[in-house]
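J.: model the structure of this input:
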Amino acid sequence: MKRNFFSIALLTIAFSAYSQKYEFQTVKDIEATPVTSQGQTGTCWSFSSTSFLEAEIIRTSGKQIDLSEMYNVRHTYPKKAWNYVMRQGKAQFSEGGLNHDVIDSAIGFGIVPLSAYSGLVGNATTLDHSKMASELETLLKPYADPSKKLGSKWKKEVSDILDNYMGADVAEFTYEGKKYTPKSFLEMTKLKLEDYVTISSFTHEPFYKKFILDIPDNFSNGSFYNLPLDEFIQNIDNALENGYTLALDADVSERTFSAKSGIAVIPENEADNKTILTEIKKEKNITPEFRQQEFENFNTTDDHLMHIVGKLKDQKGNIYYKVKNSWGTDNGNGGYVYMSVPYMKLKAISVLVNKNALSKKTQKEVGL
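T.: Numbers count the residues shown, from 1 in each chain. Below you'll find the model as predicted:
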């Protein structure tokens with residue numbers, strides 16, 4: 001009997017050692033603005049990029065400025081409409097976009113604080129673009145039909161719809177007692193928009209070259225620097241180690257991406273899909289070949305954009321990236337997702353980063 005109790009005790013100890021609840025310790029935490037919510041909109045790309053720019057302002061000046069996400073959304077929609085009409089409806093028109101779209105908008109139209117442009121009209125307290133996006137697409141479809149020859153009246157009509165749902169564009173405003181235009185406000189922040197580059201890793205294009213990634217939301221044909229997978233991850237780590245955050249585009253369709261649990265992992269065994277959200281389990285080894293396969297068979301798609309602001313480790317020493325989400329604070333970890341290295345290697349489409357945060361080797365290889 002004593003021997004049986006002893007055996008059960010050993011099994012219990014072994015099981016508890018194998019199945020441990022997550023306990024996280026901060027490795028690197030870079031100051032950023034608080035988690036917010038994108039509401040009922042498909043504008044994660046602007047929330048991700050805007051949060052990234054806010055962190056860049058903090059890094060360079062120590063000043064927290066709550067920037068308007070909707071200002072750059074307001075200036076990106078006409079570009080989407082142009083792309084859709086001039087491609088005669090043979091392009092996607094949606095709420096989606098990518099990190100470089102905010103950079104492009106800021107270069108062209110500047111930036112403003114949230115106090116100057118909220119994107120809310122009337123008594124609205126939360127963002128909701130479902131009707132606006134549908135109305136814009138309905139408007140544009142006949143203009144995209146070359147047989148109808150309707151001219152370019154759609155430009156004014158698009159602007160009217162945006163004004164109706166988001167508010168009129170802003171040309172001048174006051175911030176902390178000073179008057180600014182969107183471009184003079186950008187100058188005040190001292191952001192160097194030409195310093196931001198996007199890196200990625202795919203085997204169907206040459207490494208260390210720029211390429212246009214063929215994903216639906218890349219309507220503006222933005223370019224990406226292509227790196228070997230290990231070097232892609234090394235540059236994410238290098239940026240964080242040196243105090244730079246990164247804007248992330250990733251697939252979040254996996255069952256093991258859980259905003260509720262605040263965890264994103266890739267288990268080695270599918271049987272662990274549920275338990276791995278609360279307990280440490282062994283994760284899959286991600287190779288460049290497997291990453292490419294999952295991209296080409298559409299298991300990895302351009303789903304959601306977020307903001308990498310730090311690193312953590314669990315009690316077994318496994319490393320996770322601290323990723324700021326834009327789905328509010330009611331989710332696990334206060335709105336942050338702790339993303340494992342295997343998840344990042346497999347599911348990260350790209351990251352936007354300051355070129356000075358890249359390793360010297362990478363800068364040399366890509367010619368920066």
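
J.: who touches the nearest residue to Y244 once chain neighbours are set aside in this structure?
T.: Leaving aside its chain neighbours, Y244 sits nearest to A357 (3.7 Å; criterion: Cβ to Cβ, 6 or more residues apart in numbering). C-beta coordinates here come from the backbone N, C-alpha and C atoms, glycine included. Going by Cβ atoms under 8 Å, 6 or more residues apart in numbering, A357 touches N235, N238, A239, N242, Y244, L246.

J.: which strands and helices lie in contact with the single longest strand found in the chain?
T.: Ranked by number of residues, the top strand in the chain under DSSP state E is strand 304-313. For strand 304-313, the packing partners by 3 or more Cβ pairs under 8 Å, 6 or more residues apart in numbering; DSSP states H and E come out as strand 25-29, helix 44-61, helix 229-241, strand 246-250, strand 319-324, strand 336-340.

J.: same thing but at 7 Å, please
T.: Secondary-structure packing of strand 304-313 (3 or more Cβ pairs under 7 Å, 6 or more residues apart in numbering; DSSP states H and E): strand 25-29, helix 44-61, helix 229-241, strand 246-250, strand 319-324.

J.: hmm, back to that, mind giving me the PyMOL command for buried ones among the contacts of A357?
T.: PyMOL command restricting these to the buried ones, with burial defined by 16 or more other Cβ atoms under 10 Å:
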select buried, resi 235+238+239+244+246
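
J.: mind putting the contacts of A357 in CSV, distance to M166 and pLDDT included?
T.: Below are the contacts of A357 laid out as CSV (distance: Cβ to Cβ, whole Å; pLDDT from 0 to 100):
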residue, distance to M166, pLDDT
N235, 36, 98
N238, 38, 98
A239, 33, 98
N242, 37, 98
Y244, 31, 98
L246, 28, 98
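
J.: what is the nearest of the contacts of A357 to Y225?
T.: N235 (9.5 Å; Cβ to Cβ).

J.: next one: the closest one from S115, what distance?
T.: Distance of N235 to S115, computed by Cβ to Cβ, to the nearest Å: 35 Å.

J.: centre-most residue in this protein?
T.: Centroid check for the chain by Cα atoms, centre = their mean gives L305 as the closest residue, at 2.1 Å.

J.: specify the beta-bridge partners of that residue.
T.: Beta-bridge pairing of L305 under DSSP bridges involves D249.

J.: any idea how far it is from G222?
T.: Taking Cβ to Cβ, one finds L305 at 13 Å from G222.

J.: now do T300
T.: Taking Cβ to Cβ, one finds T300 at 18 Å from G222.

J.: now do I349
T.: From I349 to G222 the distance is 12 Å (Cβ to Cβ).

J.: cool, and Y196?
T.: 11 Å.

J.: do the same with G122
T.: 34 Å.

J.: if I've got this straight, I199 is in a helix?
T.: No: under DSSP: H, G, I helix; E, B strand; the rest coil, I199 falls outside any helix and is assigned strand.

J.: so which strand or helix has the closest residue to it other than its chain neighbours?
T.: Nearest non-adjacent residue to I199, counting by Cβ to Cβ, 6+ apart: Y225, 4.8 Å away. According to DSSP states H and E, Y225 maps onto strand 223-226.

J.: list the strands paired with that strand, with their directions.
T.: Assessed with DSSP bridges, strand 223-226 is paired to strand 196-200 (parallel), strand 210-212 (antiparallel).

J.: for the record, mean pLDDT for the first one?
T.: In this model, strand 196-200 carries a mean pLDDT of 98.

J.: and that strand, how far from the chain's centre?
T.: Centre-to-centre, strand 196-200 and its host chain are 12 Å apart (Cα atoms, centre = their mean, to the nearest Å).

J.: and stretch 210-218, by the same measure?
T.: Relative to the mean C-alpha coordinate of its chain, stretch 210-218 is positioned 15 Å out (Cα atoms, centre = their mean).

J.: V323: how many residues sit nearby?
T.: Residues lying near V323 (other Cβ atoms under 10 Å) number 26.

J.: just the pLDDT for it.
T.: 98.

J.: run a quick check on it versus Y336, I expect a contact.
T.: Yes: look at V323 against Y336 with Cβ atoms under 7 Å: they come within range, at 6.3 Å.

J.: so who does N221 touch?
T.: Contact analysis of N221 by Cβ atoms under 7 Å, 6 or more residues apart in numbering lists I212.

J.: and with 10 Å instead?
T.: N83, H100, I212, L213, D214 (Cβ atoms under 10 Å, 6 or more residues apart in numbering).

J.: tell me where the stretch 251-368 of the chain has helices.
T.: 288-296, 341-347, 360-366 (DSSP state H, counting those that start in this stretch).

J.: can you tell me which of those helices is nearest to E254?
T.: helix 341-347 (6.7 Å).
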